[in-house]
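Enquirer: I would like the atomic coordinates for the input below:
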Amino acid sequence: MYNNIFDTHSHYDDEKFNPDRDELLKSLPRRGVSFVVSCGCDIESTDFNMRLAEKYDYIYFAAGFHPENLEGATLADLDIIKKYAKHKKCVAIGEIGLDYHWMNSPKDVQKEFFTAQTELAKELDMPVIVHDREAHGDTLEILKSIKPKGVLHCFSGSKEMAREIIKIGMYIGLNGVATFKNARKSIEVVNEIPIDRLVLETDCPYLAPEPFRGKRNDSSLIPYIAERIGGELGISAEQLLNITAENAKALYNL
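Expert: Just a heads-up that it's a prediction; the model follows:
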């Protein structure tokens, strides 16, 4: 069994965990999971994740508005996010960013919230957790202008974009997608970036790695990602888990 698993991005508030959430979360440390960050997408999910972090020693949380969750929100609501950010177990502003696939909100609204939340993180000296779906150009432009600390999670950009993210001083988050048969971009990025800028994540309950693709994901499955990426880099999964756990601690100041 592997130890020292650090899941840098999860959503344990998700309703897919409703049937057995506490049973699962109690079991994860016995299965090698040392740290988990569960990410807020709006006020309700941020609050839920805060309560999980208060209940479980190994869980931390992030506070923010996801680009798919902006309907009915105003910039004044960021004052509430700021209050959550001051909680002792809040480690980042997130999940924030841009999503031009679903387009639940217009681009200008998404960019306004992303910019404001990134500036809030800078003001609080906290990292950001960034969602970027089909919005690489605008995401990079905003990040380059503000230069926050943080991570681009579930990275789906090119190796050239990865280089730019690293130049800013941010981390790249990879998940179960790296194990998929068509995961060319993830593997290119693995070979492109310094290993001290890589962190691992699940984005659970979504994006379970092979051979569990399509099933509910959880933090105990990260070793499958480490085995695939470690194999590409010529190191053991255990070595990669140790390296990425240290990277994640630096990212989240733990």
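Enquirer: now the strands for the stretch 1-150 of the chain?
Expert: 5-10, 33-39, 59-63, 90-99, 128-133, 150-152 (DSSP state E, counting those that start in this stretch).
Enquirer: distance from the chain centre to the longest one, please.
Expert: Spelled out, it's strand 90-99. On the basis of CA atoms, centre = their mean, to the nearest Å, strand 90-99 sits 8 Å off its chain's mean C-alpha point.
Enquirer: strand partners (parallel or antiparallel) of that strand?
Expert: strand 59-63 (parallel), strand 128-133 (parallel) (DSSP bridges).
Enquirer: can you check the last one too?
Expert: In the sheet containing strand 150-152, the strands it pairs with under DSSP bridges are strand 128-133 (parallel), strand 171-174 (parallel).
Enquirer: hey, where'd the helices end up in the stretch 151-254 of the chain?
Expert: 159-168, 184-192, 222-233, 237-252 (DSSP state H, counting those that start in this stretch).
Enquirer: quick check: the closest residue to residue 174 other than its chain neighbours vs residue 172, distance?
Expert: Distance criterion CB to CB, 6 or more residues apart in numbering; nearest residue to residue 174, sequence neighbours excluded, is residue 186 at 5.6 Å. For every residue, glycine as well, the C-beta is placed using N, CA and C. Relative to residue 172, residue 186 is positioned 10 Å away (CB to CB, to the nearest Å).
Enquirer: overlap in contacts, the two.
Expert: residue 155 (CB atoms under 8 Å, 6 or more residues apart in numbering).
Enquirer: by mean pLDDT, show me the worst of the helices of the stretch 151-254 of the chain.
Expert: Per-stretch mean pLDDT for those is lowest at helix 184-192 (a mean of 92).
Enquirer: by how many degrees do that helix and helix 222-233 diverge?
Expert: 60 degrees (axes from the mean of the first three to the mean of the last three CA atoms, to 10 degrees).
Enquirer: ok, back up a step: hmm, residue 155 and the residue nearest to residue 174 touching each other?
Expert: Yes: if you go by CB atoms under 8 Å, residue 186 and residue 155 touch, sitting 7.3 Å apart.
Enquirer: what is in contact with these two at once?
Expert: residue 174.
Enquirer: put the alpha carbons of the lowest-mean-pLDDT helix or strand in the chain into PDB.
Expert: Sorting the helices and strands of the chain by mean pLDDT, DSSP states H and E puts helix 184-192 at the bottom, at a mean of 92. Taking only C-alpha atoms (Å, rounded to 0.1, in the frame of the first residue of the first chain), the coordinates of helix 184-192 have been written out as PDB:
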ATOM      1  CA  ARG A 184      -1.100  12.900 -25.100                       C
ATOM      2  CA  LYS A 185      -1.200  16.400 -23.700                       C
ATOM      3  CA  SER A 186      -0.900  15.400 -20.100                       C
ATOM      4  CA  ILE A 187       2.100  13.200 -20.800                       C
ATOM      5  CA  GLU A 188       3.800  16.000 -22.900                       C
ATOM      6  CA  VAL A 189       3.400  18.300 -20.000                       C
ATOM      7  CA  VAL A 190       4.800  15.800 -17.500                       C
ATOM      8  CA  ASN A 191       8.000  15.700 -19.700                       C
ATOM      9  CA  GLU A 192       8.100  19.500 -20.100                       C
END
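Enquirer: perfect, I'm done here.
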